[in-house]
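Trainee: Mind folding the following:
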Amino acid sequence: MDERLNVMEIKYLTQLKNNPSGNPTSLTYKKTIVPIPLEEITQLEVLFNNNNAFPVALKELLFLAGNYCYVLDMGTFNTQQDMQEYMRQRLNIDGKVITRPFYIIDVYNATYQFLFVYLDEGDNPAVYEANYYKETPDWIHPVKNSLSGYIDALIQRVKDGDNPF
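Mentor: Got it, this is the predicted structure:
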């Protein structure tokens, strides 16, 4: 086990910690999670949460799998910061506004849709989907009532042999 995992207590995303590979029996491609350092998480908190700490479950997600997570898609972005900045710019260009602090965890459909958490909903926030190409007031809707529950459900899909997406 990676010694870094002992640096942060994992309270919410234990399934991700205990299942670091989406295909552990493969000899060629295990689809193993790739973390980002705590220093980078702190920088993201400064940039995207007004220097306030992220919810614990989000911080755990970034700590365990911020560079790669087999149940989430960062699109073509190389870093979390690149993904956040680009998607926020797209929202701005398309005249869409999210008034509460938020953090994007997954992008898809050629970046026209994304999953995110509000940063003001406690330690294990709900997951929301934004379909910002929709011209209706309901372009944001809830997906799952907690980030850990969402990740756990996707991990179970992978264990069952299904595509997490």
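
Trainee: Can you get me a residue count around residue 36?
Mentor: Neighbour count for residue 36, taken as other C-beta atoms under 10 Å: 19. Every C-beta, even on glycine, is put in place using the N, C-alpha and C of the backbone.

Trainee: State whether it is indeed within a strand.
Mentor: No: counting by DSSP: H, G, I helix; E, B strand; the rest coil, residue 36 is not part of a strand but coil.

Trainee: pLDDT score for it?
Mentor: pLDDT, residue 36: 96.

Trainee: measure it to residue 83 for me?
Mentor: 12 Å (C-beta to C-beta, to the nearest Å).

Trainee: Next: residue 155.
Mentor: Residue 155 is 21 Å from residue 83, by C-beta to C-beta.

Trainee: Show the contacting residues for the residue nearest in space to the middle of the chain.
Mentor: The structure's the chain has its C-alpha centroid closest to residue 105; by C-alpha atoms, centre = their mean the separation is 2.7 Å. Residue 105 sits next to 58, 61, 72, 114, 115, 116, 117, 127, 147 when contact means C-beta atoms under 8 Å, 6 or more residues apart in numbering.

Trainee: What distance do you get for the residue of the chain positioned farthest from its centre to residue 155?
Mentor: Within the chain, residue 27 marks the point farthest from the mean C-alpha position, 26.9 Å out by C-alpha atoms, centre = their mean. Distance from residue 27 to residue 155, counting by C-beta to C-beta: 21 Å.

Trainee: centre of the chain versus the helix or strand containing residue 89, how much separation?
Mentor: Assigned by DSSP states H and E, residue 89 falls within helix 80-93. Put simply, helix 80-93 sits 14 Å off its chain's centre (C-alpha atoms, centre = their mean, to the nearest Å).
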